[in-house]
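Student: Return a 3D structure for these sequence lines:
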Amino acid sequence: MGIVFQSTHLDEMQEYLSAHYAPMRLKARLHDQLQFRLIRNPLGPISLDLVDCGFALDWAVNPPSYLGLVGAKSGTVSRGEVKGVLDRYGPGEVFLVAQPDRPYVVRVCHARYSFTMLEPALLSQVAGTAPGHIEAPVRLTSYRPISPAAGQQLLRTITFLRNHVATAPALRGAPLIASTATQLLAAMVLATFPHTALLDPTIEDRHDAHSATLRRAIAFIDDHAHHDISLADIAAATRVSIRALQYAFRRHRGTTPMGYLRLARLHHAHQELVAADPTTGTTVTEIAARWGFFHPGRFAYYYRRAYGQPPSRTLLGHAR
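Tutor: Numbering: from 1, shown residues only. All right, here's what the predicted structure looks like:
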């Protein structure tokens with residue numbers, strides 16, 4: 001369970017929401033019975049929240065500093081500009097509700113929905129820009145997903161991160177878990193909505209994607225696998241653009257930088273499992289979380305593929 005706020009008083013709602021999201025004005029129908037409940041689930045630079053609004057409520061929100069996504073579960077949620085037409089969404093739909101530095105209005109009608117916030121810089125970190133170049137931050141260019149299927153995949157990712165990472169103290173407190181989860185969310189947002197990022201390698205990127213680039217990147221990853229490092233960190237250390245870095249790994253190793261980082265962390269987790277004494281209470285989940293693997297089933301799949309047996313067998317000493 002996250003941080004719970006519930007109220008039946010409009011002024012109290014407005015004060016709380018303004019303090020934790022962005023300054024806003026709320027307006028409800030005069031005779032509606034006000035029932036509002038919010039569960040906040042912060043996880044580093046993201047928050048995976050749930051809202052239950054049992055009445056018709058209008059929000060006029062000042063420009064926020066974050067990106068905001070709404071996933072409707074019941075009722076209807078409408079979004080628009082301050083002086084624009086409201087665009088209506090129903091159960092099962094996800095949409096971009098808040099862009100950084102843009103005011104917006106929302107009309108909620110007896111709705112239950114998820115509200116996901118993330119820092120805009122996460123999109124640029126995942127999409128990548130050339131080190132030393134001053135480029136505009138990555139922006140989403142549509143409030144609707146590129147397809148209903150893409151929207152559903154994003155909603156499943158948000159639900160998983162909220163239910164199995166943000167609300168699990170052992171996982172939420174692990175730095176590599178928070179980093180991996182936020183990067184996954186940012187990557188899914190970029191895969192779901194049209195955006196301004198240039199993802200294909202340029203001529204310069206292809207020129208920089210040589211074997212020396214790969215060696216520098218691998219050395220940096222091997223030395224820093226225990227730290228919270230991003231794609232942008234690896235590119236900066238290698239002195240090339242993120243696109244050149246990605247192209248170098250694809251060309252010479254048939255993988256991605258983050259895929260190689262996962263293998264490096266998997267190797268460290270394997271070493272810990274081999275050295276661990278299961279009689280002391282050490283668990284596979286604990287070791288996996290320490291190395292950034294927040295999904296036990298996914299960790300077991302990667303581990304079995306790399307080492308030919310489940311991690312539990314290694315921990316019990318059969319591999320020694």
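Student: okay, which residue is most central for this protein?
Tutor: Taking CA atoms, centre = their mean, the centroid of the chain lies closest to Leu185, which sits 2.3 Å from it.
Student: Which residues does the one helix or strand Ala149 maps to contact?
Tutor: Element membership for Ala149 (DSSP states H and E) is helix 148-161. Helix 148-161 is contacted from outside by 43, 46, 48, 69, 71, 92-94, 114, 116, 144-145, 181, 184-185, 188-189, 191-192, 295, using CB atoms under 8 Å, 6 or more residues apart in numbering. The way it works is simple: take the backbone N, C-alpha and C, and place the C-beta from them, glycine included.
Student: for this protein, which spans come out with low pLDDT?
Tutor: Counting by pLDDT under 70, the chain shows low-confidence ranges at 82-85, 128-136, 198-201, 318-320.
Student: What ranges does it have for its strands?
Tutor: 3-7, 24-28, 36-40, 42-43, 46-61, 67-80, 87-89, 94-98, 104-118 (DSSP state E).
Student: Give me whichever of these is most buried.
Tutor: strand 94-98 (a mean of 23; mean count of other CB atoms under 10 Å).
Student: From the contact counts, what lies against that strand?
Tutor: For strand 94-98, the elements it packs on are strand 67-80, strand 104-118, helix 148-161, judged by 3 or more CB pairs under 8 Å, 6 or more residues apart in numbering; DSSP states H and E.
Student: Using PDB, list the CA coordinates for it.
Tutor: C-alpha atoms of strand 94-98 as PDB (Å, rounded to 0.1, in the frame of the first residue of the first chain):
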ATOM      1  CA  VAL A  94      -4.500   5.400 -21.700                       C
ATOM      2  CA  PHE A  95      -3.600   8.900 -22.800                       C
ATOM      3  CA  LEU A  96      -1.100  11.700 -22.100                       C
ATOM      4  CA  VAL A  97      -2.800  14.200 -19.800                       C
ATOM      5  CA  ALA A  98       0.000  16.500 -18.800                       C
END
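Student: Name every strand pairing with it and say which way it goes.
Tutor: strand 67-80 (antiparallel) (DSSP bridges).
Student: Met117 pairs with what?
Tutor: Beta-bridge partners of Met117, as defined by DSSP bridges: Ser47, Gly68.
Student: Hmm, it is touching Tyr66, no?
Tutor: Yes: counting by CB atoms under 8 Å, Tyr66 is a contact partner of Met117 at 4.6 Å.
Student: List the contacts of Met188.
Tutor: Contacts here follow CB under 8 Å, 6+ apart; on that basis Met188 touches 153-154, 157.
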